[in-house]
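S.K.: below are the sequence and a predicted model for it; my questions follow.
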Amino acid sequence: IAGITQAPTSQILAAGRRMTLRCTQDMRHNAMYWYRQDLGLGLRLIHYSNTAGTTGKGEVPDGYSVSRANTDDFPLTLASAVPSQTSVYFCASSDSPGGQETQYFGPGTRLLVL
Amino acid sequence: GQNIDQPTEMTATEGAIVQINCTYQTSGFNGLFWYQQHAGEAPTFLSYNVLDGLEEKGRFSSFLSRSKGYSYLLLKELQMKDSASYLCAVSDNDYKLSFGAGTTVTVRA
């Protein structure tokens, strides 16, 4: 049972480069989320998807894009990376987007933009 | 905007009790979650409260007062493995989670 997987585990990226963080879940969850976690700021929502084919903006969407072509995959793309995007990125999923649904998190991707 | 406050750090002795407080001001309320996060790992679910009162799960309990915008997580019989960050998160009107910055608990022998 894998749950949620993320790739890569870590990455060093030159500023201005394009990068896609991958997220796959095998729980057939409808809702998926991308967060970034920075010291002292906690987890902040970047983008979300309530169901396959739909996406929405979270608290800090600028500089990021997502797609949800199917239930299992939810990639996050940085079109042109900047140093302020250095962070730990967590993907999460829940059975439904309802407020009572527990979110399950992937292991994270540690990204350093130089 | 959402405002969720919790202490930055707490230290306690093995076998003791620690209470982590969380206060919130959010646009709507659809429940409050507590997550545990060990260093370098993903957050994992601990508890969920949507009604006022105490929810007990083994050594961990969580309390909610909606009128006061307040919750606490109580960790009893502390063990070394409980050293971690504890994240308070509120589900708002749009059913999105807003997280506090987390409380790092250090358990000492």
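M.R.: Looks like it came in fine.

S.K.: how many neighbours does the closest residue to A:Thr86 other than its chain neighbours have?
M.R.: Of all residues not flanking A:Thr86 in the chain, A:Val113 sits nearest, at 4.9 Å (C-beta to C-beta, 6 or more residues apart in numbering or on different chains). Just so you know, the C-beta spots here come from the backbone N, C-alpha and C atoms, and that holds for glycine as well. Neighbour count of A:Val113, defined by other C-beta atoms under 10 Å in any protein chain shown: 19.

S.K.: span of stretch A:5-13 from start to end?
M.R.: Stretch A:5-13 has an end-to-end distance of 21 Å (criterion: C-alpha to C-alpha, to the nearest Å).

S.K.: other residues contacting the lowest-mean-pLDDT helix or strand in chain B?
M.R.: When each helix and strand of chain B is scored by mean pLDDT, DSSP states H and E, strand B:97-99 comes last, with a mean of 92. Here strand B:97-99 makes contact (C-beta atoms under 8 Å, 6 or more residues apart in numbering or on different chains) with A:33, A:35, A:42-45, A:59, A:103, B:2, B:4, B:24, B:26, B:33, B:87-92.

S.K.: how far away is B:Gln26 from A:Ala92?
M.R.: Let me fix one detail, which is that residue B:26 is Thr and not Gln. 19 Å (C-beta to C-beta, to the nearest Å).

S.K.: and the residue positioned nearest the centre of chain A, what element?
M.R.: In chain A, the residue lying closest to the centroid (C-alpha atoms, centre = their mean) is A:Trp34, at 2.8 Å. Using DSSP states H and E, the element containing A:Trp34 is strand A:31-38.
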